[in-house]
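Trainee: how does the following fold in three dimensions:
(one chain, ligands or ions: 2)
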Amino acid sequence: MIEVLAATVILAFAVIAVAEAVSVAQSQTYEALHDGRATSLAEAFLEEVVSKPYADPAGGEVNLGPDLDELSRNLFDNIDDYHGFTLDTLNADDPDVITDIAGNVLPQMYQIFSINISTQYTTVTLFESVPGISVTVTVTDKTGRAWTASRFVPESGG
Ligand SMILES: [Ca+2]
Ligand SMILES: [Ca+2]
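Mentor: Ligands and ions are numbered 1, 2, ... in the order given. As a prediction, the model looks like this:
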């Protein structure tokens, strides 16, 4: 199962490369390319987050954000560790670099977006109340324009 999830994440980032090739082939306008890149980024990060286990494998207290010793993204081992995660490419003094889950730096055209992730434990009511966690990835550009991708992961299904 872990292998399948990892493959999904790698695929999500791979889609970025393919989307790029297709877009260029279709000679889309800059605006459409920009929009597509931002959306792909948001979705790729969302896939990464929701591929993680619902609960921290170590157990213990539920803690939004990284737990003890989870000092970087590659050490996050459950969904809520991503709460507050940011990659700020727009910080003039110390800009972050956007990488995929394996640490590969994404192409330059993606390095103009900033990433912000928030997670929140909540309950969604459809036919019955379902406890879970909602994940929202927000991608912004330097003009302040924002794109989001969100998903609710039920506790039982995670
Ligand atoms: Ca954790
Ligand atoms: Ca945590």
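
Trainee: could you pull out the strands for the protein?
Mentor: For the chain, strands defined by DSSP state E occupy the ranges 86-87, 114-125, 129-140, 146-154.

Trainee: nearest to ligand 1, of those strands?
Mentor: With C-beta to the ion as the criterion, ligand 1 lies closest to strand 114-125 of the strands of the chain, at 11.2 Å. All C-beta spots, glycine's among them, are computed from the backbone N, C-alpha and C.

Trainee: report the strands that pair with the closest one, each with its relative direction.
Mentor: Partner strands and pairing direction for strand 114-125 (DSSP bridges) are strand 86-87 (antiparallel), strand 129-140 (antiparallel).

Trainee: can I get those strands in a markdown table including distance to ligand 1, mean pLDDT and mean neighbour count?
Mentor: A markdown table is the format used below for the strands paired with strand 114-125 (distance: least, C-beta to the ion, whole Å; pLDDT from 0 to 100; neighbours: other C-beta atoms under 10 Å):
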| stretch | distance to ligand 1 | mean pLDDT | mean neighbour count |
| --- | --- | --- | --- |
| strand 86-87 | 17 | 97 | 17 |
| strand 129-140 | 12 | 97 | 18 |
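
Trainee: these: which one's closest to residue 67?
Mentor: Using C-beta to C-beta as the measure, strand 129-140 is the one of the strands paired with strand 114-125 that comes nearest residue 67, at 14.8 Å.
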